[in-house]
Structures are given as C-alpha cells and as structure tokens.
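Below: sequence and its predicted model.
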Amino acid sequence: MSNEFKVYFFIGKGGVGKTTCAAAYSLILARQGLKTLIVSLDPAHNLGDVFGLELSEKPKEILDNLYGIEVDFNKMVQEHLKDLTDRIKDIYKYLKVLNLDKYIDVLRHSPGIEEYATLEKISEIIEFNFKERRYDTIIFDTPPTGLTIRIMALPSISLIWIRKLMELRMAILDRRRFLEEIYGEKLKAKIGNKELVMASTIEEDPVYKELRNLYKRVKFVNEIFTNPKITTTVMVVNPELLPVLEARRAYDFLKKIDIHVKAIIINKVLELEVIPKELNVKFAEQTKAIQLINNEFRDIRILKVPILPEEPTGINNLLKITKYLSQLIMED
Amino acid sequence: MIKNNYKKIMQKAWNIIIGVFKAKSSEYIEVELRELENVFALVILGSFIGLPSPPTVISLKLLPHIAKELLTMSRISERLDDMLGEMAGIFEIT
C-alpha cells in the first residue's frame, strides 16, 4: 500500500476546538507546499466559519495549496440509501412475507446509518486520492468523540461480521452443490411468480460477491486507519477534567482497535502573568488538568495552545495558532 | 421385442431404485441447507427479533439478494410450534 500521502484525524469532545486546530494545522501544511484538503465531517459544520468563507460538497480553494469541503450529511445519507432502497423495493415487491415497505422508508433513521455513510464518505475521499493522488495531505475534522470512535471502530467490527457471514454463505453454497450433484441439475426456487435459479458457487452467488466487495472495501479503510505511516490521529482537549477523562477513554478504545493517537493538543490554555484572584480557582483546576494529561498521556506528544485574546476565525488569526502546532509536523 | 421390453422395465426399476437412494441421501442435506438459509436470514435481520445483527448497512446490501432465504425463514417460523414433529419425521421416529 502506498504511503505517499498522509491522513489526519482531529478528534475530541464537542466545543474543544477541533476545527480551529485542524484548520490551523492545514495552514501549516499548505504553507509548506503540501497540497492539502481539509474535510469537515461534523454535522454542525463550522469549518467555513473558521476560515471566513462558505464551503460546500465540492473542494473549494481556500489558499494556495489548501482546499476545503463541508460534507452535506442529509445528501450523503440519502445518496447512500437511494440505490439500496430502490433495489430492495424492486426485488421485494413480489414478496409479502414481511412488511418491508414500511421498514425501508424508515431506514434513514435506523441506528448506524449515519456512521456508515460517514465512513463511506471518508473511504470515498481516501480511495479517490489513492487512485488520483490529488492531495499530499487530507485532514478530517470529525464530529464529537462519541460518534467519531464509533465511525473509526466500524471497519474492524464490520470485518468480523463479514468474515463470519462469508463462512456461513460458503456452508450454504456447499450444500447446494451437493444437492446439484445428486439431482444432476441446478436448484430452483419460486419467489412470487418468478422462478429463480439458485447460485451454488462463490463466482455466481450475488450474496458472496457482495460480501467479498464489502470485505475488500472495509479492509482497505481499516488498513488506512491502522497504518501509522499514513494516518495520524490527533486528540484535542481543553485543560478541564471532563474532556481529559473522556480523551483517556477514547485513547484506550482506539488503541484496542489498533488506531494509535500520535499527539494531544491542549487547547485554550489560560496563560496569564498576573492571575486575578477571581480566576485563582479556575487556574488551579487548569494546572491539575494539565498534570493529569501529562500523567495519562506520557507516551505521546503533548502540545499547548493558549487561549487567544481574539476569536480564532479568519486566516490571519488562525496563523497566530500555527506556531503552537508546528511541533506536530516535526513529529512526522 | 421381448428383449427390448425387458430392458425398458429393468431401466425403469433401476431409475426407481436410484431415485429412492437419491431422495434418501439428499433429505438430510436439504434439511441442513434449509436450516443454514434460515440462520443466514435470521442473522441478517436479527434486529427484528432482538438478536445481535451486523451493522445495518451490511444487512441492507445483502437484502436485495436473499429473497429465497427470507422465504425459507418465514416458512420455518410458521412451523416452529411443531419442531419436534418435524425432527421425528426426518429421523423416521414413529
């Protein structure tokens, strides 16, 4: 597998500043001459707001070497389901065994659809770049931790299921072949008013073919996610107890599925020469949280980004943050 | 003429014997196939009956191709109240 391009995931609790850090980092890479694509996967998009321009589904040039996309979630889920539901409705109109029509119409709201559609989008972007090699770096600004770790875990969970289903399917095809040998002809089944010839080899079985395609696709994404030479996962936290504890849990979970977090950014650190007494407690809590981060994340690089007087929107303000993130690139 | 008739009768008898053996040998495989198809459909649509099921999209991608398995599942579920009778029939317990 080629490791000529790099993929970054910025993950963290909602509101910690993932988008700001991802955007600032994309500026560093672009200014180094690396053609960079930044993709917002967060349904509550604010990547465009951070850069101070409107982004859409199609890559838009933000600066030289820097392009941005905001994924349209509704469109993505609808596209993902449209072809699927059309095929299902077409086949099952003959079949009255289950009330599938109602089921299909609510598919959009079934658990896991949004995660899978997001994963499809990620794999579509990576696969496209893998073939076309349009960008040197792709940065994903992700939804809040809960959803992101479910998306990132999906390939490894899916692989287990697909492998088991393939085994079961092989057992079915074996039995069909035995029966064909005994009867000397293909097995047939009547579905509604159609007579179907039953597949008995992996080459002709549409279910097995579908499983094999899924397996290839999911394995590709999983290999990208778990390859530290291609993928870098960066966590963003605030110097507060709860985001740190959540980050630790996410870190452990990702480690279990072979996704290694490379760095942690402590964003919005309060740095004051003279501390007003009203902020004493806040400051003590921050020190405690930073100590906790230093203890809990000893194996990875820790970067600090101070809270800035101005809101970090617009390219000029983002550039002020870049110096705090430059160590992240030296790591590569 | 008599020889030909004799040959035809022998051929028919042979076909009947082969047919009986074929039916006997295929019976268990047919039951096994039916059960495997039932399990496959149950796994795919497991969430309907509270079984853990694969990620929804895997089920959805397979759904257009498993009409036969769903039919098998539906037929088996209709007979679920007499599974013992069915098993007795297969193993010729009378």
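Structure's in. What do you need? Worth saying up front: this structure is predicted, and the values here are computed from it rather than measured.

how close does A:Asp258 get to chain B?
To chain B, A:Asp258 is 18 Å away according to C-beta to the nearest C-beta, to the nearest Å. Every residue, glycine included, has its C-beta placed from N, CA and C.

for that residue, helix, strand, or coil?
Classification of A:Asp258 using DSSP: H, G, I helix; E, B strand; the rest coil returns coil.

Count residues in the vicinity of it, would you?
Neighbours of A:Asp258 under the rule other C-beta atoms under 10 Å in any protein chain shown: 12.

Now it, what are its backbone angles?
Per-residue torsions, A:Asp258: phi 70, psi 20 (degrees, to the nearest 10).

Now it. Nearest residue, chain neighbours left out?
Excluding the flanking residues, the one nearest A:Asp258 by C-beta to C-beta, 6 or more residues apart in numbering or on different chains is A:Thr226, at 4.2 Å.

The one you found contacts A:Ile259, doesn't it?
Yes: with contact defined as C-beta atoms under 8 Å, A:Thr226 reaches A:Ile259; the gap is 6.0 Å.

that older thread, pull the number of nearby residues for the residue nearest to A:Asp258.
The number of residues packed near A:Thr226 is 17, by other C-beta under 10 Å.

What residues sit buried inside the helix or strand containing A:Asn280?
Using DSSP states H and E, A:Asn280 sits in helix A:280-296. For helix A:280-296, burial by neighbour count (16 or more other C-beta atoms under 10 Å in any protein chain shown) applies to A:Gln286, A:Ala289, A:Ile290, A:Leu292, A:Ile293, A:Glu296.

For A:Arg248, state which of those residues is nearest.
A:Glu296 (5.0 Å; C-beta to C-beta).

That closest one touches A:Glu246, doesn't it?
No: between A:Glu296 and A:Glu246 there is no contact under C-beta under 8 Å: 11.5 Å.

would you list every one of the strands in the stretch 101-250 of chain A?
Assigned strands in the stretch 101-250 of chain A, in chain order: A:137-141, A:188-191, A:194-197, A:231-237 (criterion: DSSP state E, counting those that start in this stretch).

what residues does the first one touch?
So the one you mean is strand A:137-141. A:5-10, A:18-19, A:22-23, A:25-26, A:29, A:34-42, A:47, A:122, A:125-126, A:129 (C-beta atoms under 8 Å, 6 or more residues apart in numbering or on different chains).

any idea how far chain B is from the residue nearest to A:Asp258?
Going from A:Thr226 to chain B by C-beta to the nearest C-beta gives 18 Å.

For A:Asn316, see how far away that residue is.
37 Å (C-beta to C-beta, to the nearest Å).

What is the neighbour count of A:Cys261?
I think there's a mix-up here, since residue A:261 is Val and not Cys. 21.

ok, what's across the strand from the residue nearest to it when sequence neighbours are not counted?
Closest residue to A:Val261 apart from its sequence neighbours, by C-beta to C-beta, 6+ apart: A:Thr233 at 4.8 Å. When bridges are called by DSSP bridges, A:Thr233 pairs up with A:Phe9, A:Val261.

Show me what from the stretch 201-332 of chain A comes close to chain B.
Within the stretch 201-332 of chain A, the residues that sit near chain B (C-beta under 8 Å from any C-beta of the partner chain) are A:Pro206, A:Val207, A:Glu210, A:Leu211, A:Leu214.

now those residues: which count as buried?
For those, buried by 16+ other C-beta under 10 Å: A:Val207, A:Glu210, A:Leu211, A:Leu214.
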